[in-house]
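1. can't give you the sequence, but here's the structure:
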Ligand SMILES: NC(=O)c1ccc[n+]([C@@H]2O[C@H](COP(=O)([O-])OP(=O)(O)OC[C@H]3O[C@@H](n4cnc5c(N)ncnc54)[C@H](O)[C@@H]3O)[C@@H](O)[C@H]2O)c1
């Protein structure tokens with residue numbers, strides 16, 4: 001378990017959650033918190049070994065989890081992930097679309113980034129969320145409804161190249177899917193985190209760049225994965241039963257939006 005996994009008062013006993021990109025970082029914290037709150041969790045990631053290790057960690061702490069290999073950009077792979085949840089745990093209630101190419105991503109400009117790389121990046125970081133929703137929503141509908149949380153970023157509102165472009169797309173997908181899925185009692189929201197201390201963010205944003213970013217926050221420290229968990233669980237829970245189509249910043253006061 002991560003050091004920062006918080007205790008929670010939410011009760012997700014009997015619920016089934018899929019968290020993509022949960023082999024480490026923020027997704028791992030979401031998966032562990034959902035399991036600690038009683039959900040059966042599918043730990044889905046392109047890194048199958050790490051996903052299996054996170055699932056094993058949850059089981060050894062008394063939770064219920066399976067590790068599943070998925071490429072969120074691939075429709076057949078997303079279908080197989082959804083089938084694993086249904087076969088393993090009997091259905092799907094929650095989907096957290098957290099996976100992204102982030103740790104080790106190329107730092108380049110829109111005008112110069114390799115075209116093939118850009119297409120793959122957008123397929124994973126933007127359309128990956130839509131692809132997983134398309135694979136999972138029939139099982140949610142069969143349960144009478146469900147909830148989806150997409151992982152955006154404050155980069156959607158800042159100058160942040162193709163990374164921000166993908167996250168702006170995630171915000172639009174969130175808004176549109178709220179309408180397309182609302183009739184099935186499936187809610188769709190997004191979280192836009194500010195800078196969060198993960199192994200990945202340390203590789204992408206060197207300390208010399210991070211310090212001025214932190215100085216510009218209202219709360220002058222990096223976020224921890226535990227800072228995001230409360231919003232994720234709230235948005236999935238019935239406490240948020242009339243909230244859909246929104247993007248919530250959890251960012252230490254980085255950006256104030258109208
Ligand atoms: N750390 C931050 O500062 C920060 C801030 C805002 C938003 N985010 C977003 O939060 C999410 C998690 O970030 P993190 O810092 O934990 O990074 P991370 O790199 O640890 O997490 C991303 C996970 O996605 C997985 N992944 C990559 N491609 C995949 C694919 N095609 N299919 C399935 N899984 C795939 C990776 O293996 C990894 O486990 C990302 O969506 C990121 O964009 C991070």
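-> Done, it's in. Because the structure is predicted, anything quoted here is derived from the model rather than measured.

2. Can you give me the buried ones in the longest helix belonging to the chain?
-> When the chain is parsed with DSSP state H, its longest helix is helix 161-182. Buried positions in helix 161-182, judged by neighbour count with 16 or more other C-beta atoms under 10 Å: 161-171, 173-175, 177-178, 181. C-beta coordinates here come from the backbone N, C-alpha and C atoms, glycine included.

3. Counting by contacts, list what it packs against.
-> Secondary-structure packing of helix 161-182 (3 or more C-beta pairs under 8 Å, 6 or more residues apart in numbering; DSSP states H and E): helix 115-125, helix 127-142, strand 146-151, strand 186-193.

4. What residues sit buried inside the third one?
-> Neighbour-count burial for strand 146-151 flags 146-151 (criterion: 16+ other C-beta under 10 Å).

5. isn't residue 110 right next to residue 165, touching?
-> Yes: counting by C-beta atoms under 8 Å, residue 110 does reach residue 165; the two are 7.4 Å apart.

6. Let's see the pLDDT reported for the closest residue to residue 122 other than its chain neighbours.
-> Residue nearest to residue 122 in three dimensions, not counting chain neighbours: residue 166, with 5.6 Å by C-beta to C-beta, 6 or more residues apart in numbering. pLDDT recorded at residue 166 is 98.

7. Tell me which residues touch the residue of the chain at minimum distance from the ligand, please.
-> Closest residue of the chain to the ligand, C-beta to the nearest ligand atom: residue 25 (2.1 Å). With contacts defined as C-beta atoms under 8 Å, 6 or more residues apart in numbering, residue 25 is in contact with 103, 196, 198-200, 225.

8. got those as JSON lines, with distance to the ligand and neighbour count columns?
-> Converted to JSON lines, the contacts of residue 25 look like this (distance: C-beta to the nearest ligand atom, whole Å; neighbours: other C-beta atoms under 10 Å):
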{"residue": "103", "distance to the ligand": "4", "neighbour count": "14"}
{"residue": "196", "distance to the ligand": "4", "neighbour count": "21"}
{"residue": "198", "distance to the ligand": "3", "neighbour count": "22"}
{"residue": "199", "distance to the ligand": "6", "neighbour count": "9"}
{"residue": "200", "distance to the ligand": "3", "neighbour count": "19"}
{"residue": "225", "distance to the ligand": "7", "neighbour count": "24"}
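
9. Which of the residues you listed fall within helices?
-> 199-200, 225.

10. how close does the spatially most central residue of the chain get to residue 214?
-> Central residue of the chain (C-alpha atoms, centre = their mean): residue 98, 2.1 Å from the mean position. Distance of residue 98 to residue 214, given as C-beta to C-beta, to the nearest Å: 23 Å.

11. same deal with residue 80?
-> Look at residue 80 and residue 214: by C-beta to C-beta, they are 40 Å apart.

12. Likewise for residue 229?
-> Separation of residue 229 from residue 214 (C-beta to C-beta): 21 Å.

13. More neighbours: those two, which one.
-> Between residue 229 and residue 214, counted using other C-beta atoms under 10 Å, the more crowded position is residue 229 (25 against 17).

14. Surely that one and residue 29 touch.
-> Yes: Residue 229 is in contact with residue 29 according to C-beta under 8 Å; the separation is 5.7 Å.

15. check contacts around residue 58.
-> Residues near residue 58 by C-beta under 8 Å, 6+ apart: 1, 31-32, 35, 41, 43, 64-65.

16. same question, residue 156
-> 164, 167-168, 170-171, 192, 247 are the contacts of residue 156 under C-beta under 8 Å, 6+ apart.

17. ok, back up a step: for the residue nearest to the centre of the chain, what are its contacts?
-> 19-22, 26-27, 30, 151.

18. Low-confidence ranges, this protein, go.
-> By pLDDT under 70, the low-scoring segments of the chain are 1-8.

19. Would you mind naming what in it lies close to the ligand?
-> Within the chain, the positions near the ligand by C-beta under 6 Å from any ligand atom are 20-21, 23-27, 45-47, 70-73, 98-103, 124, 151, 153, 193, 195-196, 198, 200-201.
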